[in-house]
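# Coordinates only, no sequence provided:
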C-alpha cells in the first residue's frame, strides 16, 4: 500500500508592507512592555522607599486621618526624658475624658510641643508612634472585648531635665535660646526658647498668645521656637567660618600678622572693633581670641567668594537643616557681587548673614567630633508599656565637612579664646573648654546687640557643645559665657 505524499504548503514571501507592519507592531508591543515594566519598578521602589525611610514622616503627619481612628482604640503614649522622667502624658478622668498633661509647664513647650490649636514639636512628629500599641496580641484582644483602650508606646527622648532647667534659669527673663548637643552622636540634650508658654493652659491663653507680635527674633511671640526658627546675625561667632576659609586658602596662615588701630574702612563702610578697642599687633590666634573686627573684616576682603560660600553651605547655610520633623528656618549667607564694605560686614557676622541657634552649633560640633557633623536628633528610642525598646534611633552622619587637621586647629583657636580671650570666664581646671563669643548688632544706627556664645567643653572623653543667644542683652562675654559655664558645670558635676 502506497503512502500518500503530504503536500508541503509553500509560504509566500512577505511583501515590504507586511514587514513594516509587523516591525511597527513589535515596536509598539515592546514600548508598552517597557512602560509597564518601568511603572512596576517605580511603584516597587516607591513602596521600598516608604517602608525604609519615609514611613514615620507620612504616618506621623497630623493630617493623617488614621490617627483619629487609632485614638478611638489607643490611649496616646507618653514623652519621656533621657532618664525616663515624664514630660508629657495622657490623663483620663472618671468619665473617660482624656487630656494631655505637661508636668514641667512651659519648660519643654517648644521641643515637646502641644496637641491643642495645632500639634507641634514631638507631639506632632511622633503622634502616630504614640498611638501605636505594643501590648501583646492577647492583651490587646482582651482589652478590645472589655471595651478598654490599649496603652500607646512611649517616646524616650535625648532631653535631660536638669540640663534644660539649668539652661532656662541661665537665660532668666531674657528672650533667646539655648541648644546643647552631644557632638559625637548628635543627641540634643537641651533645647530652650524664651519667652515660652504653658501648654497645659493653651486654650485659655490662645487669644493672648496669638495677639503678640510674631515677627521672629524681634517679636514677642512665645509660640515661636527661637532655637530652630529664630534668624539672627551671628556676630563674631561667624569668625569661625572666616577663620576656616582663610586657613584653607593660605598655607602659611600661622604667619599672619595684623596691626589693629581700632577701625578699618572709611565713611559708611567703616568698621570699629567692639568698644573702640585698639588691639595693636596681632597674630591670627590672638586676633581670634580678642575678637578683632578690623582684622577679620580685612581677611574677608581677601577670600574667594565662591569657596567661602561653599564652605558655609557645607554647614547648612542657605538650606534646611538635617533635623527631621521640626519647624525651622534656613540660615543665610551670601557675598557674591557684594560691595567691599558689605563683604567686611559679612566676615564679622553682620549685614545679611543670618543664622539659627541650632545651625550655629554645627561647626563647633564637627570640630569636636574630628571633622564629622552628626545629624541632631531628639528621639532616642520608642518603648512599649512594658519598657522594652521597639525601635531605637541610631546616630547618623550628616556630613564630613572638615579634615581632622582642620578640626584640631579650630579646637585650638577656640581654646585660645578661653585661655586668653573674650571667653576667659570658662578657663577652669574642672574641664577643658573652648569657644567663640559674639556681640551682634541688629538695629541699624544702634549699639544694641545680641549676646552670643558657641563652644564646647570636654572631660574624660565626654563632650558637650552649646549655642546660646540672649536677645538684645549686650556682649557675649558678659551674658552668654556665664550661661555656658552654668551648663558645663552641671554637665560635668
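Done, it's in. Please read these numbers as outputs of a predicted model, since none were measured by experiment.
# could you pull out the strands for the stretch 251-400 of the chain?
Listed in chain order, the strands found in the stretch 251-400 of the chain under DSSP state E, counting those that start in this stretch are 257-260, 263-264, 271-272, 280-283, 373-374, 379-383, 389-392, 397-399.
# ok now do residue 371, which residues does it touch?
Residue 371 is in contact with 400-404, 406-407, counting by C-beta atoms under 8 Å, 6 or more residues apart in numbering. Every C-beta, even on glycine, is put in place using the N, C-alpha and C of the backbone.
# And residue 338, by the same measure?
Taking C-beta under 8 Å, 6+ apart, we find residue 338 in contact with 305, 346.
# Kindly report the same for residue 393.
377, 379-381.
# out of these, who has the most neighbours?
residue 379 (23 neighbours; other C-beta atoms under 10 Å).
# so that residue makes contact with residue 122?
Yes. Between residue 379 and residue 122 there is a contact at 7.1 Å, judged by C-beta atoms under 8 Å.
# Could you name every residue contacting both of the two?
With C-beta under 8 Å, 6+ apart, residue 379 and residue 122 have common neighbours 155, 157.
# Which parts of the stretch 1-150 of the chain are helices?
Secondary structure of the stretch 1-150 of the chain by DSSP state H, counting those that start in this stretch: the helices cover 16-49, 55-59, 66-71, 109-112, 121-125, 127-130, 137-146.
# among those helices, where is the model least confident on average?
Mean pLDDT per stretch puts helix 55-59 lowest among the helices of the stretch 1-150 of the chain, at a mean of 48.
# Can you get me the start-to-end distance on stretch 426-438?
15 Å (C-alpha to C-alpha, to the nearest Å).
# from the chain's centre, how far out does it sit?
Centre-to-centre, stretch 426-438 and its host chain are 23 Å apart (C-alpha atoms, centre = their mean, to the nearest Å).
# List the buried residues for it?
If you call a residue buried by 16 or more other C-beta atoms under 10 Å, then stretch 426-438 has these buried ones: 426, 431-438.
# got it, and stretch 248-258?
248, 253, 256, 258.
# Backbone dihedrals for residue 315, please?
Backbone torsions for residue 315, taken as degrees, to the nearest 10, come to phi -110, psi 20.
# Quick check: it vs residue 380, distance?
25 Å (C-beta to C-beta, to the nearest Å).
# One more: residue 489?
According to C-beta to C-beta, residue 489 stands 24 Å off from residue 380.
# Quick one, grab the pLDDT at residue 266.
On the pLDDT scale, residue 266 gets 84.
# I'd like the distance between residue 273 and residue 428.
Residue 273 is 27 Å from residue 428, by C-beta to C-beta.
# make that residue 279, sorry
25 Å.
# Check residue 314 too.
Distance from residue 314 to residue 428, by C-beta to C-beta: 33 Å.
# hmm, which helix or strand of the protein has the shakiest average pLDDT?
helix 55-59 (a mean of 48; mean pLDDT, DSSP states H and E).
# roughly how far is stretch 116-126 from the heart of the chain?
With C-alpha atoms, centre = their mean, you get 17 Å for stretch 116-126.
# mind listing what's buried in it?
Those would be 119-126, for stretch 116-126 by 16+ other C-beta under 10 Å.
# Kindly check the end-to-end length of it for me.
First-to-last residue span, stretch 116-126, C-alpha to C-alpha: 15 Å.
# And the contacts of it?
Against stretch 116-126 from outside (C-beta under 8 Å, 6+ apart): 60, 62, 79, 88, 100, 109-115, 127, 155, 157, 199, 202-203, 206, 225, 324-327, 378-379, 382.
# So which residues make contact with stretch 285-295?
Contacts of stretch 285-295 (C-beta under 8 Å, 6+ apart): 236, 239, 243, 256, 258, 260-264, 271-274, 277, 279, 282, 296, 348, 412-413, 416-417, 419-422, 436-438.
# Mind checking the pLDDT average for that stretch?
Averaged across stretch 285-295, pLDDT comes to 96.
# again with stretch 221-234
Stretch 221-234 carries an average pLDDT of 94.
# First-to-last residue distance for that stretch?
End-to-end distance of stretch 221-234: 21 Å, with C-alpha to C-alpha as the criterion.
# got the buried residues for that stretch?
221-234.
# With stretch 457-475 instead?
In stretch 457-475, counting by 16+ other C-beta under 10 Å, buried: 457-458, 463-473, 475.
# hmm, back to that, so which of the contacts of stretch 285-295 sit within helices?
When those are checked against helices (DSSP state H), the matches are 239, 243, 296, 412-413, 416-417, 419-420.
# Weed out the non-buried ones from those residues.
With burial judged by 16+ other C-beta under 10 Å, the buried subset of the ones in helices among the contacts of stretch 285-295 is 239, 243, 296, 413, 416-417.
# how about the residues you listed in CSV, adding distance to residue 342?
Shown next, in CSV, are those (distance: C-beta to C-beta, whole Å):
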residue, distance to residue 342
239, 17
243, 19
296, 14
413, 25
416, 29
417, 26
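# before we move on, back to that, return the member of the ones in helices among the contacts of stretch 285-295 nearest to residue 354.
Taking C-beta to C-beta as the measure, residue 354 lies nearest residue 239 of the ones in helices among the contacts of stretch 285-295, at 15.6 Å.
# okay, and for this structure, where does confidence drop off?
1-23, 38, 40-67, 213-219, 445-446 (pLDDT under 70).
# hmm, back to that, could you say which of the strands of the stretch 251-400 of the chain is packed most deeply?
Mean neighbour count (mean count of other C-beta atoms under 10 Å) peaks for strand 373-374 among the strands of the stretch 251-400 of the chain, with a mean of 23.
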